[in-house]
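In: only geometry, no sequence info:
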DNA sequence: GTCTATATGTGGATAGAC
DNA sequence: GTCTATCCACATATAGAC
């Protein structure tokens, strides 16, 4: 199935941003991949800041659906947590890609205030969801040693992002698994 | 006390890199801060890749000393872990800076293979040290719920780096403390 | 919507005088 | 060691034809 130019640009940009960071690709790169001239991109996204906002907004919406899907497919807290960890592992693409939120976290410019606000909103969304997951896992005893669900949520998001970072740095998914092994073992 | 030009350049570059990433500063920036012309920088560091290697090599050496100092000042495993966490918190500079290793992990180019190898060596060094810390904390019972020291080490390094990332993204040190609260509470 | 052509800025890097 | 001057590549962005 073919996608419209705007979607093709978003797909290409997201892939590039997750591989090299938001400052790590240019309109020329996108143009080459999508098959139009770089000037044409400005018709869809007048500035690169506009593109950054569109990217992170779409990403947040996708993850909202991902979490919702996990909620319908899994009932146990532990199973839901395991599903999210797997999602973060898959996002690595063999050690080449990062979660868009992690990739954006290090870019210096190009990111408008609006994009930064979206990033914060994304993290808040994930924290809320993770908190309910840990609360459920504590109640149904599918996650061991749960103290405070809110704190567990904050620790888990940081752990997943940090594990991605070291895996990407070493171009080795095994590093992600090593960093998340303790967490995985808490899942019954 | 005044420092020589080369050291001043390294200091300025490290600060800039930890704030904005390795691709987030230019020779022009360094020149302005140090007070020489940018062409002069090439005398000390012919290419920016040379600068990246010098930066990460110096950083690893500093941390080798940091860990050694902690080992002499603290004996309990828990106290040693607490000291490292505090070091990572301080490195945030109120939410503006990252550990150089984290900052480098997201840069795309400019980093030579040599610099990447140094980064991997830095992480390995920290993992080895953390493993001994957890082993000690398990033995002297100053860290609770220690399962496998090697896995705990991998999880802790990822957690610290991830916690820095979210704190930097939100420009708020409280986010670092929130993410590390569970770990902190395991220290007796 | 996409094109060609171009403006404008900034990056790292070099040559050669002092 | 540091300077001035300059080069070249590449970035985002705009104007205007089709």
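Out: Here it is on my side, so go on. Since the model is a prediction, treat every value here as computed from it, not as a measurement.

In: which helices and strands sit right next to the lowest-mean-pLDDT helix or strand in chain A?
Out: Taking mean pLDDT, DSSP states H and E as the measure, chain A has helix A:100-105 as its least confident helix or strand, at a mean of 93. Contacts defined by 3 or more C-beta pairs under 8 Å, 6 or more residues apart in numbering or on different chains; DSSP states H and E place helix A:100-105 against helix A:5-20, helix A:48-73, helix A:113-139, helix A:149-169, helix B:149-170. Glycine gets a C-beta too; all of them are placed from N, C-alpha and C.

In: Contacts for it, please.
Out: Identification of contacts with helix A:100-105 by C-beta atoms under 8 Å, 6 or more residues apart in numbering or on different chains yields A:14, A:17-18, A:21-22, A:52, A:55-56, A:59, A:111, A:115, A:119, A:122-123, A:161, A:164-165, B:106, B:165-166, B:168-169.

In: Check the offset of that helix from the chain's centre.
Out: Put simply, helix A:100-105 sits 7 Å off its chain's centre (C-alpha atoms, centre = their mean, to the nearest Å).

In: Check stretch A:91-104 too.
Out: That offset, for stretch A:91-104, works out to 7 Å (C-alpha atoms, centre = their mean).

In: does residue A:28 belong to a helix or a strand, and which?
Out: helix A:27-34 (DSSP states H and E).

In: that older thread, any bit of the least confident helix or strand of chain A sitting next to DNA strand D?
Out: No - using C-beta under 7 Å from any atom of the strand, helix A:100-105 never reaches DNA strand D; the gap is at least 14.5 Å.

In: Identify the residues contacting residue A:52.
Out: Residue A:52 is in contact with A:22, A:104, A:110, A:111, A:112, A:115, counting by C-beta under 8 Å, 6+ apart.

In: Could you tell me how many residues sit around the closest residue to residue A:160 other than its chain neighbours?
Out: In space, and not counting its chain neighbours, residue A:160 is closest to residue A:88: 4.7 Å by C-beta to C-beta, 6 or more residues apart in numbering or on different chains. Counted with other C-beta atoms under 10 Å in any protein chain shown, the neighbours of residue A:88 add up to 20.

In: One more: the one 4 residues further on?
Out: The local packing count at residue A:92 equals 21, with neighbours defined by other C-beta under 10 Å.

In: my guess is it meets residue A:177, correct?
Out: No - using C-beta atoms under 8 Å, residue A:92 is not in contact with residue A:177, being 10.1 Å away.

In: I'd say residue A:168 and residue A:95 touch.
Out: Yes - contact criterion C-beta under 8 Å: residue A:168 and residue A:95 qualify, at 6.0 Å.

In: Looking at the two, which is more packed in?
Out: The neighbour comparison of residue A:168 against residue A:95 (other C-beta under 10 Å) goes to residue A:168, with 25 against 18.

In: For residue B:59, see how far away that one is.
Out: Remark: distance between residue A:168 and residue B:59 (C-beta to C-beta, to the nearest Å) = 19 Å.

In: With residue A:15 instead?
Out: Distance, residue A:15 to residue B:59, by C-beta to C-beta: 31 Å.

In: what about the two, which has more around it?
Out: residue B:59 (21 against 16).

In: show me what contacts that one?
Out: By C-beta under 8 Å, 6+ apart, the residues touching residue B:59 are B:14, B:100, B:101, B:122.

In: okay, now the last one: neighbour count?
Out: What that stands for is residue B:122. Residue B:122: 22 neighbours (other C-beta under 10 Å).

In: How about it: what's its closest non-neighbour residue?
Out: Closest residue to residue B:122 apart from its sequence neighbours, by C-beta to C-beta, 6+ apart: residue B:60 at 4.6 Å.

In: Pull out the buried positions in stretch A:51-71.
Out: A:51, A:52, A:53, A:54, A:55, A:56, A:58, A:59, A:60, A:63, A:67, A:70 (16 or more other C-beta atoms under 10 Å in any protein chain shown).

In: Next, format those residues as a markdown table and append distance to residue B:145 and pLDDT.
Out: Compiled in a markdown table, those are given as follows (distance: C-beta to C-beta, whole Å; pLDDT from 0 to 100):
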| residue | distance to residue B:145 | pLDDT |
| --- | --- | --- |
| A:51 | 45 | 98 |
| A:52 | 41 | 97 |
| A:53 | 42 | 97 |
| A:54 | 44 | 98 |
| A:55 | 40 | 98 |
| A:56 | 36 | 98 |
| A:58 | 40 | 98 |
| A:59 | 35 | 98 |
| A:60 | 34 | 98 |
| A:63 | 30 | 98 |
| A:67 | 28 | 98 |
| A:70 | 27 | 99 |
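
In: gap between the most centrally placed residue in chain A and residue A:87?
Out: In chain A, the centroid-proximal residue (C-alpha atoms, centre = their mean) is residue A:99; its distance is 3.3 Å. Remark: distance between residue A:99 and residue A:87 (C-beta to C-beta) = 9 Å.

In: now residue A:65
Out: Taken as C-beta to C-beta, the span from residue A:65 to residue A:87 is 12 Å.

In: what touches both of these two?
Out: With C-beta under 8 Å, 6+ apart as the test, residue A:65 and residue A:87 reach no residue in common.

In: nearest residue to residue A:56 other than its sequence neighbours?
Out: Of all residues not flanking residue A:56 in the chain, residue A:118 sits nearest, at 4.3 Å (C-beta to C-beta, 6+ apart).

In: circling back: closest one to DNA strand D among the helices and strands packed on helix A:100-105?
Out: With respect to DNA strand D, and counting by C-beta to the nearest atom of the strand, the nearest of the helices and strands packed on helix A:100-105 is helix A:48-73 at 3.9 Å.

In: quick one: the closest one near DNA strand D?
Out: Yes - applying C-beta under 7 Å from any atom of the strand, one finds helix A:48-73 touching DNA strand D at A:48, A:49.

In: Can you name every helix or strand that the helix or strand just after that helix contacts?
Out: Per DSSP H and E, the first helix or strand lying C-terminal to helix A:48-73 is helix A:77-91. Other elements packing on helix A:77-91 under the criterion 3+ C-beta pairs under 8 Å, 6+ apart are helix A:48-73, helix A:113-139, helix A:149-169, helix A:173-185.
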